[in-house]
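Participant: mind looking at a prediction? Sequence and model below.
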Amino acid sequence: MKNYQIFSTIFFLASGFLPYPSPELILAQQTPAGDHKVTFVITAPMRDLGEFRELAKQAARLKPHGNVEVTISTLAEKGFYEIPEGGNFWYEYASYNPTPYKFFPDPRITPFIPADFVKKNRDLLLARAKILREFGLGGAFWSYEPNFIPQPFFEAYPQFLGPRVDHPRRGNYPAFAPCIDIQETRDMFAGMVAELLKNVPEIHTIFFKTNDAGSGLCWSDWQYSGPNGPSACRDIGMGERVASLMNSFRDGAAREGKKISIHLTGSMFSDQEKEDISRHLPPDCYFQSNTSDEVQSVGSEIGAKYPVRGLIDPSGILEGIHSIGPATGTVFINFRSYYDRSYELPSVIEKVIDMFIRYLGTPAPGNEIEEKQELYKLCEAWAGEKDAQKLFDAFRIMEEAETYKRSAVGNASGIYWGVSARQITRPLVAVPQMLSGEDESYFMPHVFNASEDEARMDYTDIHGSHNTIPEGAMNRYLSGLKRAATLLEQIDGTVPEKDFIRNMALALRIHRSIMRSAGNFAEAQAIRDRNAEKFRQPPHRPDKSVTWEGDPDRQAFVTIMRDELDNTLELISLLENGGMNLVCHATDPRYEDTFLLGPNVVDQLRIKRNIMLAHWTDIEGYLATPFK
């Protein structure tokens, strides 16, 4: 996305723009691309068949522009059986990982995974495939490979034992994937893929990720515990190893007389490994390590803004659409959140498909002015001529805010800070060790940390590393979000896309609240770090010296506490007034976990406020109060 300067209404009126053209007119103006056909692969991990049918209906609108496939590999439910007794947060990453053995397991794997779990996954897969047939759509299968297999499998078949793939700082129970360098493993993969395609012949694309979140390859530089695997395969190059995995998929397809496309996406390798993989790619296999003309990816904002839904980055989407050229074979359109916990709002999915239909085949803007004009015309279509400028300015401010955040705020994010560290719902207090077990019961089980003590004492321990945000840096970002939300709220309630714009304003304010919490917890932890020695002592009354301000860090901390208390009250109001539909959350308490908020977020926020008020004066036993 490009940065956008403010273009005044006068400039746009003077430019003499024509009314926004209809989709039919644009389609009529498009130039056919000969026999070349792009394949669109649309992903949204929906488990409800009614919602999936609506997704298929939206996807089918792209059929005049190319082949259309919808990913159907989402698991029916969480793999509770995989998580070790007593809990282990690293396994939460992978508990929704799709992989062929969770649908059509090899007979050797079958005894080690619950039969009812496999049946539910298979039934859902086949039901979604039936819906695809109704709309004349193809299917795609997304997975993590080689995915780890429960430890008892390797006890029964030790020859399959491949690399350790878990993260040693994020868990305390190892996980292993099968070694792809032995023929037995490759035959096993080929057999499961063949069975998959036999049952769902609509699948034409398999795309997968490795070296992260429950998957990995032997001796890769990027294994979290360090390069590891069987000694016998240590000298095999990474390019040859990846080609072996891809060829096992191709062999499985060949058994069913099918030809499929295989994509290695979003995986982590060293530069040397990337080069080696690229040199060894089999036919119809692709590696998305860098920008490629052959493969393009476009996505919604749910990845960057999770757990918030309902936001859109039109400039980024337009840029992605215009990147589709004669050499492009596959376009991945992603509406999936991290770790398959949720998916984008249907209204956003519809808008993104609208944009594809409107802009596919149209010339890309030749310069920055034309890019602004294109965006402004889109704003006219959504907000009408009267309010197009407000919508345009809101998108520009959001873009500038995101550019600033990337450079100045660091890695603060909704999923890792807000959700997996539970900053959204946990109380911000000066002395967290003074909270009772009952106080902690609603949030501590979900805070991602291999150590409960670190989870309790370090607010900015994010998946094993201590993080900071420069003091005051978050404020400029929050200010930009507030300005953009205010502009969106000022748009007339009769504009063409009033509901969509209203949701976007509300979603932006919820995201702002989550980032406000991140800034508050970061500054609070910085104060705790500066005074670590004082907080290690037993609480005591301050000395009797007269001091106008008291300890300056005490004043700073209670100011942060008050801001977080107020922020929590504001978030409660946002959620109670339509915001819950814009926040990814479980509908059943059983599915609340480190990456998914529970169904009772508002109740938890009220508990947070009550605990903070009950512990408001704890800090006075450690840092001196004013004595005026």
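Facilitator: Structure received. Source: prediction; values computed, not measured.

Participant: wait, what's in contact with E576?
Facilitator: For E576, the contact set (C-beta atoms under 8 Å, 6 or more residues apart in numbering) comprises V602. C-beta coordinates here come from the backbone N, C-alpha and C atoms, glycine included.

Participant: same deal with L435?
Facilitator: Counted by C-beta under 8 Å, 6+ apart, L435 has contacts 427, 429, 456, 611, 615.

Participant: checking my notes, the fourth one in a strand, right?
Facilitator: Pointing back at I611 there. No. According to DSSP: H, G, I helix; E, B strand; the rest coil, I611 belongs to no strand; its state is helix.

Participant: quick check: phi and psi at the closest residue to it other than its chain neighbours.
Facilitator: Excluding its sequence neighbours, the residue lying closest to I611 (C-beta to C-beta, 6 or more residues apart in numbering) is P427, at 4.1 Å. Backbone geometry at P427, expressed as degrees, to the nearest 10, gives phi -80, psi 140.

Participant: correct me, but P427 touches L613?
Facilitator: No. Counting by C-beta atoms under 8 Å, P427 stays clear of L613, with 9.2 Å between them.

Participant: in stretch 540-559, what's buried?
Facilitator: Residues of stretch 540-559 classed as buried: 542, 550-551, 553-554, 556-558 (neighbour count, 16 or more other C-beta atoms under 10 Å).

Participant: now stretch 260-272
Facilitator: Buried residues in stretch 260-272 (16+ other C-beta under 10 Å): 260-269.

Participant: check those and tell me the two furthest apart.
Facilitator: Spatial extent of the buried residues of stretch 260-272 (C-beta to C-beta) is set by the pair I260 and M268 at 24.1 Å.

Participant: mind checking which of the contacts of L435 are buried?
Facilitator: Burial of the contacts of L435 was assessed by neighbour count (16+ other C-beta under 10 Å); the buried members are 427, 429, 456, 611, 615.

Participant: what ranges does the stretch 1-150 of the chain have for its helices?
Facilitator: For the stretch 1-150 of the chain, applying DSSP state H, counting those that start in this stretch gives helices covering 9-14, 23-29, 49-60, 90-94, 115-135.

Participant: go through those and name the closest to K209.
Facilitator: helix 90-94 (11.0 Å).

Participant: so where's the stretch 201-350 of the chain uncertain?
Facilitator: Across the stretch 201-350 of the chain, the ranges flagged by pLDDT under 70 are 289-292.

Participant: and the helices in the stretch 351-500 of the chain?
Facilitator: Using DSSP H, counting those that start in this stretch, helices in the stretch 351-500 of the chain cover 368-408, 437-440, 452-457, 473-489, 498-530.

Participant: pick the most buried one from those.
Facilitator: Comparing the helices of the stretch 351-500 of the chain by mean neighbour count (mean count of other C-beta atoms under 10 Å), helix 498-530 comes out on top with a mean of 22.

Participant: pull the distance from the following helix or strand past it to the chain's centre.
Facilitator: Following helix 498-530 in sequence order, the next helix or strand is helix 532-536 (DSSP states H and E). Helix 532-536 sits 37 Å away from the centroid of its parent chain (C-alpha atoms, centre = their mean, to the nearest Å).

Participant: one more: stretch 233-251?
Facilitator: Remark: stretch 233-251 is offset 28 Å from the chain centroid, using C-alpha atoms, centre = their mean.

Participant: go on, stretch 323-331?
Facilitator: On C-alpha atoms, centre = their mean, the centre of stretch 323-331 falls 24 Å from the chain's centre.

Participant: end-to-end on that stretch?
Facilitator: One end of stretch 323-331 to the other measures 10 Å (C-alpha to C-alpha, to the nearest Å).

Participant: which parts of it are buried?
Facilitator: 324, 328-331.

Participant: from those residues, pick the one nearest I180.
Facilitator: For the buried residues of stretch 323-331, the nearest to I180 is T330 (23.6 Å; C-beta to C-beta).

Participant: the closest one against S297, yeah?
Facilitator: No. With contact defined as C-beta under 8 Å, T330 does not reach S297; the gap is 9.2 Å.

Participant: T330 pairs with what?
Facilitator: Beta-bridge pairing for T330 (DSSP bridges): T39, V295.

Participant: contact partners for it?
Facilitator: Here T330 is in contact with 38-41, 205, 261, 263, 286, 294-296 (C-beta under 8 Å, 6+ apart).

Participant: what's the farthest-apart pair in those residues?
Facilitator: It's F40 and Y286 that sit farthest apart of the contacts of T330, by C-beta to C-beta, at 15.1 Å.

Participant: between those two, tell me which one has more neighbours.
Facilitator: Each of F40 and Y286 has its neighbours counted (other C-beta atoms under 10 Å); F40 has more, 27 against 20.

Participant: now do the same contact list for the more buried one.
Facilitator: 59, 62, 65-69, 330-331, 333, 356 are the contacts of F40 under C-beta under 8 Å, 6+ apart.

Participant: over to A76?
Facilitator: For A76, the contacting residues are 47, 117, 120-121, 123-124, by C-beta under 8 Å, 6+ apart.

Participant: which one among those residues gets closest to Y343?
Facilitator: R47 (9.5 Å).

Participant: so that closest one makes contact with A127?
Facilitator: No. R47 lies out of contact with A127 (C-beta under 8 Å); the separation is 10.4 Å.

Participant: mind checking the SS state of K259?
Facilitator: Using three-state DSSP, the structure places K259 in coil.

Participant: repeat that for I206.
Facilitator: strand.

Participant: my guess is it contacts S261. True?
Facilitator: Yes. Proximity of I206 to S261 meets the contact threshold set by C-beta under 8 Å, at 7.5 Å.

Participant: out of the buried ones among the contacts of L435, which is nearest to K498?
Facilitator: Comparing the buried ones among the contacts of L435 against K498 with C-beta to C-beta picks out P427 as the nearest, at 37.4 Å.

Participant: distance check, P84 against S420.
Facilitator: Separation of P84 from S420 (C-beta to C-beta, to the nearest Å): 18 Å.

Participant: the two: which has the busier surroundings?
Facilitator: Applying other C-beta under 10 Å to P84 and S420 shows that S420 carries more neighbours, namely 25 against 15.

Participant: list the contacts for the more buried one?
Facilitator: 446-448, 462-463, 594-595.

Participant: list only buried entries from those.
Facilitator: 446-448, 462-463, 594-595.

Participant: so which of the residues you listed are in strands?
Facilitator: Judged by DSSP state E, strands contain the following of the buried ones among the contacts of S420: I462.

Participant: tell me the one of the buried ones among the contacts of S420 nearest M238?
Facilitator: The closest of the buried ones among the contacts of S420, once distances to M238 are taken by C-beta to C-beta, is H463, at 25.5 Å.

Participant: how about that closest one, phi and psi?
Facilitator: phi 60, psi 40.

Participant: from F392, how far off is it?
Facilitator: For H463, the distance to F392 - C-beta to C-beta - is 38 Å.

Participant: touching, R528 and K534? I think so.
Facilitator: No. Using C-beta under 8 Å as the test, R528 is too far from K534 to be in contact (9.5 Å).

Participant: and I262, which of the three is it?
Facilitator: Relying on three-state DSSP, one would call I262 strand.

Participant: how near is it to L311?
Facilitator: 32 Å.

Participant: go on, I182?
Facilitator: 46 Å.

Participant: and K130, by the same measure?
Facilitator: Noted for K130: a distance of 33 Å to L311, by C-beta to C-beta.

Participant: how many neighbouring residues does the nearest residue to G191 once chain neighbours are set aside have?
Facilitator: Closest residue in space to G191, ignoring its immediate chain neighbours: D106 at 5.9 Å, by C-beta to C-beta, 6+ apart. D106 has 19 neighbours, counted by other C-beta under 10 Å.

Participant: go on, the one 3 residues further on?
Facilitator: A total of 22 residues lie near I109 under the criterion other C-beta under 10 Å.

Participant: now it. Nearest residue, chain neighbours left out?
Facilitator: Distances taken as C-beta to C-beta, 6+ apart put Y101 closest to I109, at 4.9 Å, once the chain neighbours are dropped.

Participant: so that neighbour sits right up against P111, yeah?
Facilitator: No. Checked against C-beta under 8 Å, the pair Y101 and P111 is beyond contact range at 11.9 Å.
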